[in-house]
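**Q** Build me a structure from this.
(2 chains)
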Protein chains: 2
Amino acid sequence: MPSTLASHVEENRQRTLEELKAFLRIPSISAQPEHDADVREAAEWLRSALERAGLEKARLIEGEGHPLVAAEWLRAPGKPTVLFYGHYDVQPPDPLDEWLSAPFEPELRGENLYARGAADDKGPTFLWVKAIEALMATTGELPVNVRVLCEGEEETNGAHIGNWLEKHAAEIPSDAIVVCDTEMFARDWPSITVGLRGIVYVEIEVRGARNDLHSGQYGGVAPNAVMAAAEIVTALKDRDGRIRVNHFFDDVEAPSEEELAQWAALPFNETEYLENEVGSIALTGEPGYSVLERVWARPTLEVHGIRGGYVGEGSKTVIPAKATVKLSCRLVPGQIAGDIVRRLEEALKLATPAGVVTSLTVLGSAPASLVDPSHPYLQLALQTMSGHFPNPASFIRCGGAIPIVGKFQSALRAPCILFGFGLPDDNLHAPNEKFYMPNFWRGIHVIADYLRRLADRPS
Amino acid sequence: MPSTLASHVEENRQRTLEELKAFLRIPSISAQPEHDADVREAAEWLRSALERAGLEKARLIEGEGHPLVAAEWLRAPGKPTVLFYGHYDVQPPDPLDEWLSAPFEPELRGENLYARGAADDKGPTFLWVKAIEALMATTGELPVNVRVLCEGEEETNGAHIGNWLEKHAAEIPSDAIVVCDTEMFARDWPSITVGLRGIVYVEIEVRGARNDLHSGQYGGVAPNAVMAAAEIVTALKDRDGRIRVNHFFDDVEAPSEEELAQWAALPFNETEYLENEVGSIALTGEPGYSVLERVWARPTLEVHGIRGGYVGEGSKTVIPAKATVKLSCRLVPGQIAGDIVRRLEEALKLATPAGVVTSLTVLGSAPASLVDPSHPYLQLALQTMSGHFPNPASFIRCGGAIPIVGKFQSALRAPCILFGFGLPDDNLHAPNEKFYMPNFWRGIHVIADYLRRLADRPS
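**A** Sure thing, here's the model as predicted:
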């Protein structure tokens, strides 16, 4: 007699944990070529796990960079098709000496499982694999059609999945894409992310004199490239945090009153946020907007560094001949990366001081993404998630970019549902990355429940 | 029968050149501890040369750092006493691959002798040694009393000579100090430097958040330390080149109308200067002042570099938590280093944007120096120099600092006479340093002539 899904999950708890640990033991660091074999091993491990879960045609898709991992189960005619996305690569673990346990030797301490990749993204990926496995094991089938498309170069902005999607989207028609690679707003406060900021990352080069010059001999007449760089960035954004690039805000789409009201209801404490997360003497930013508006719904302009001149120990009296500024703008829905680049170029011309010449190079860009929260699949996801946590689920946004979300939505013309199972203190990209395991077990039930409920919806 | 000084110099030309080459072969790089023995060898070589020239009590003065080299000849009662200064240490020769001949294998090409230290300062030092030697050899005595005090850590701002002077100035009473460590304004345009700018070098630290933060997650609320550093430096100096530090110019002493008129008469071509020396699209700086006023008689504020955030290859989306600014002000006569530091500290407080805390550390300072050109010894120096070059000599200034000049003047209460025998294209501190040898031979005659003329002056 088939057991219920709940008892199946409970009975296999230890095995599931050991499997997750095995996945986490593979140092699939996509940024380091010496780990190429490990990245492939993780791909193969995931392919095998998908097969064991009961999916069909589990396979690696080879191409530029690391392989994609795909699988499918399409035996629910008339039912919706859900595409699951995850990534099996991880960030480098440095600095190693700040880890309390080795990054690739998973260790359960209290309710948290510590390992590189635990939260980003092997844990959240494996929970939907286990949801699929539990449904197959207990019912012999899935309530909806399922596809899987995972990648191994999310942490390196690899082009493989994007390029593959451009050519092969028609081969994987889907009604919704489920992504588990985001966070909950706070512990016990489940959330679904419906907005991501985009980004335009540029490098500005400033050239003054032919060579670095002696500040005694030439101080007072030679242009100073680092000073010019400072002039430029302070012209682009004033000391009150207002971006001074013409037409920069023209296409910004503001969140609805309803969305703003939802944000205002979130359990957010500005003082705790300042102390626990930022650690400066005060928060800064554009006047007239709340913290959540500033990080979720307003574009930014940040300088990441200014290279040039002398920054070593002690003193050197050089007038820098060249400076390079790394700068990015976070984009919000409505803003087009190409337009912002053109506006930055125009602003740079206006901001360039006498005596120097400047140029701008785009190092990367990604569009902002917005999912319509009124879509029935999103509403269903919110209801489903609410049933498994102490508090009801909320729609939130995220200040960062997940470029694949925009690509999925435009290639497949279907909504992305970003279930957040991570927590803000999971130490993503940092030492002591961990996953809060109660969310792992809840996540299995959320996903299984969601697929069952989706079956009642028309495709 | 004693030969004339001119024929003595001529007859000993080849030997003098070989001796200078021997001096230049010693890699007395004071900045590199592995060359400590070489620095000492150069000190000993110079001591020996002073002895051979006929000076008495030629000796090394030991102390912190590299030794001083001293000597004297005080057998001209009632005549003035002249103290000669020079330094026997040299800059490191890097980058080596840009030298056309090895830096410590002196090579005469055309009229120039190429070697590290040829112009800074072994050549100019050795020429006054040879003037003394020629006077002794041809007359058996010197026309005035002579002292020598040379150092071996000029290139490393060593404290030995300054500290020694503070304690022992009374042991070396002198009426004038002759320094040969500056340049002529242009080839065939002899000059005596009567003004040097001082300097205050500071480091400003800017701290924002506790750690570098992700610009997606926190962009819009977290203070950016590099941006704050840019705000600060652009508040201290505006984009038109005006320094905006309160009371910064209060104590600036302007050059006299007469001095300005002399500068206006110098063979200076701004277009050639821009093209040959600076190499930018335009000169910059404070409006309302000529190029020579800006580099010789106006204080400056220059940023040497801003450290913080990410400046490596590619893109990293970090909000820098900390930035360090290296910044210096060149000072002109009238300005006091301590006052300028206090005014910078006050200006920094006013310029610090919200969200960050700043602090300022002084890394070094030196006062500006001014010699009164109307002093009879200066006037005599000008006349003497004029007689040995195609054009009459001028009083000029120098934008850089030679801290020992101020120390000599205040410790000995006597004027420094800075005879310039170097040329602007001598590549000081750079590859292919050279000395224009016609100035070496002229220099011997200028110094001998000057000492003879000084003998007619009262002590």
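**Q** Only C-alpha atoms from now on, for both contacts and neighbour counts.
**A** Fine.
**Q** pLDDT wise, what is the closest residue in space to residue A:397 that isn't next to it in sequence at?
**A** Distance criterion Cα to Cα, 6 or more residues apart in numbering or on different chains; nearest residue to residue A:397, sequence neighbours excluded, is residue A:195 at 4.4 Å. With respect to pLDDT, residue A:195 has a value of 96.
**Q** Next, find the distance separating the most centrally placed residue in chain A from chain B.
**A** With distances taken as Cα atoms, centre = their mean, chain A has residue A:402 as the residue nearest its mean C-alpha position (4.1 Å). Going from residue A:402 to chain B by Cα to the nearest Cα, to the nearest Å gives 10 Å.
**Q** which residues does the nearest residue to that residue once chain neighbours are set aside contact?
**A** Excluding the flanking residues, the one nearest residue A:402 by Cα to Cα, 6+ apart is residue A:196, at 6.9 Å. Residue A:196 sits next to A:296, A:332, A:368-370, A:397-402 when contact means Cα atoms under 8 Å, 6 or more residues apart in numbering or on different chains.
**Q** can I get these in a markdown table with secondary structure and pLDDT?
**A** Shown next, in a markdown table, are the contacts of residue A:196 (DSSP: H, G, I helix; E, B strand; the rest coil; pLDDT from 0 to 100):
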| residue | secondary structure | pLDDT |
| --- | --- | --- |
| A:296 | helix | 97 |
| A:332 | coil | 97 |
| A:368 | coil | 94 |
| A:369 | strand | 93 |
| A:370 | strand | 93 |
| A:397 | strand | 97 |
| A:398 | strand | 95 |
| A:399 | coil | 95 |
| A:400 | coil | 92 |
| A:401 | coil | 88 |
| A:402 | coil | 87 |
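**Q** List just the nearest of those to chain B.
**A** residue A:400 (3.8 Å; Cα to the nearest Cα).
**Q** Just give me the neighbour total for the nearest residue to the closest one once chain neighbours are set aside.
**A** Nearest non-adjacent residue to residue A:400, counting by Cα to Cα, 6+ apart: residue B:216, 3.8 Å away. Other residues within reach of residue B:216, judged by other Cα atoms under 10 Å in any protein chain shown, total 26.
**Q** Can you name the residues that contact residue B:216?
**A** Applying Cα under 8 Å, 6+ apart, the residues near residue B:216 are A:197, A:295, A:330, A:398-401, B:317.
**Q** Pick the one among those residues closest to residue B:82.
**A** residue B:317 (62.6 Å; Cα to Cα).
**Q** burial count for the closest residue in space to the closest one that isn't next to it in sequence?
**A** Distances taken as Cα to Cα, 6+ apart place residue B:215 nearest to residue B:317, at 5.4 Å, with adjacent residues excluded. Neighbour count for residue B:215, taken as other Cα under 10 Å: 28.
**Q** so residue B:215 makes contact with residue A:400?
**A** Yes. Contact criterion Cα atoms under 8 Å: residue B:215 and residue A:400 qualify, at 7.5 Å.
**Q** Confirm residue A:194 sits in a strand?
**A** Yes. Assessed by DSSP: H, G, I helix; E, B strand; the rest coil, residue A:194 belongs to a strand.
**Q** which residues touch the closest residue to it other than its chain neighbours?
**A** Spatially, and ignoring its direct neighbours in sequence, residue A:194 is nearest to residue A:371 (4.8 Å; Cα to Cα, 6+ apart). For residue A:371, the contacting residues are A:194-195, A:415-417, by Cα under 8 Å, 6+ apart.
**Q** And for residue A:64?
**A** A:159-160.
**Q** Go ahead and list the helix or strand containing it.
**A** Residue A:64 is part of no helix or strand when elements are defined by DSSP states H and E.
**Q** ok, back up a step: and the gap between the residue nearest to residue A:402 and residue A:372?
**A** 12 Å (Cα to Cα, to the nearest Å).
**Q** How about residue A:198?
**A** Taking Cα to Cα, one finds residue A:198 at 17 Å from residue A:372.
**Q** Please apply the same query to residue A:15.
**A** 38 Å.
**Q** Please, which helix or strand holds residue A:227?
**A** Going by DSSP H and E, residue A:227 is part of helix A:225-236.
**Q** Go ahead and name everything in contact with that helix.
**A** A:206-208, A:243-245, A:303, A:306-309, A:319-325, A:347-348, A:351-353, A:356, B:227, B:230-231, B:233-234, B:239, B:302-306.
**Q** quick one: which of the residues you listed sit in strands?
**A** In strands, judged by DSSP state E, the following of the contacts of helix A:225-236 are found: A:206-207, A:303, A:306-307, A:319, A:322-325, B:302-306.
**Q** ok, so of those, who is nearest residue A:380?
**A** Distances from residue A:380 to the ones in strands among the contacts of helix A:225-236, taken by Cα to Cα, are shortest for residue A:303, at 40.4 Å.
**Q** Pull the number of nearby residues for the residue nearest to that closest one when sequence neighbours are not counted.
**A** Nearest non-adjacent residue to residue A:303, counting by Cα to Cα, 6+ apart: residue A:327, 4.4 Å away. For residue A:327, the count of nearby residues is 23 (other Cα under 10 Å).
**Q** so residue A:327 touches residue A:237, yeah?
**A** No. Using Cα under 8 Å, residue A:327 makes no contact with residue A:237, being 11.5 Å away.
**Q** what is in contact with these two at once?
**A** Common neighbours of residue A:327 and residue A:237 (Cα under 8 Å, 6+ apart) are residue A:301.
**Q** So residue A:55 sits against residue A:74, correct?
**A** No. Residue A:55 is beyond contact range of residue A:74, at 9.2 Å (criterion: Cα under 8 Å).
**Q** These two: which is more packed in?
**A** Neighbours per residue (other Cα under 10 Å) separate residue A:55 from residue A:74, with residue A:55 holding more: 25 against 16.
**Q** do you know how far that one is from residue A:341?
**A** 44 Å.
**Q** ditto for residue A:125
**A** The value you get for residue A:125 to residue A:341, if Cα to Cα is used, is 35 Å.
**Q** more crowded one of those two?
**A** residue A:125 (24 against 20).
**Q** In terms of helices and strands, where is that one?
**A** Short version, using DSSP H and E: residue A:125 is in helix A:123-139.
**Q** So for that helix, what gets flagged as buried?
**A** A:123-138 (16 or more other Cα atoms under 10 Å in any protein chain shown).
**Q** which other helices and strands contact it?
**A** helix A:5-11, helix A:13-25, helix A:36-53, strand A:81-87, strand A:176-183, helix A:437-454 (3 or more Cα pairs under 8 Å, 6 or more residues apart in numbering or on different chains; DSSP states H and E).
**Q** nearest to residue A:422, of these?
**A** Short answer: strand A:176-183, nearest of the helices and strands packed on helix A:123-139 by Cα to Cα, at 4.2 Å.
**Q** got the angle for that closest one vs helix A:123-139?
**A** Going by axes from the mean of the first three to the mean of the last three Cα atoms, to 10 degrees, strand A:176-183 is angled at 130 degrees with respect to helix A:123-139.
**Q** Could you check the angle strand A:176-183 makes with helix A:437-454?
**A** Using the same axes, to 10 degrees: strand A:176-183 against helix A:437-454 is 160 degrees.
**Q** which other residues reach strand A:176-183?
**A** A:81-86, A:119-121, A:124-125, A:191, A:193, A:377, A:408, A:414-424.
**Q** quick one: that strand to strand A:81-87, angle?
**A** Using the same axes, to 10 degrees: strand A:176-183 against strand A:81-87 is 30 degrees.
**Q** Go through strand A:176-183 and flag the buried ones.
**A** Buried, per 16+ other Cα under 10 Å, within strand A:176-183: A:176-183.
**Q** do stretch A:161-171 as well
**A** A:161-162, A:165, A:169.
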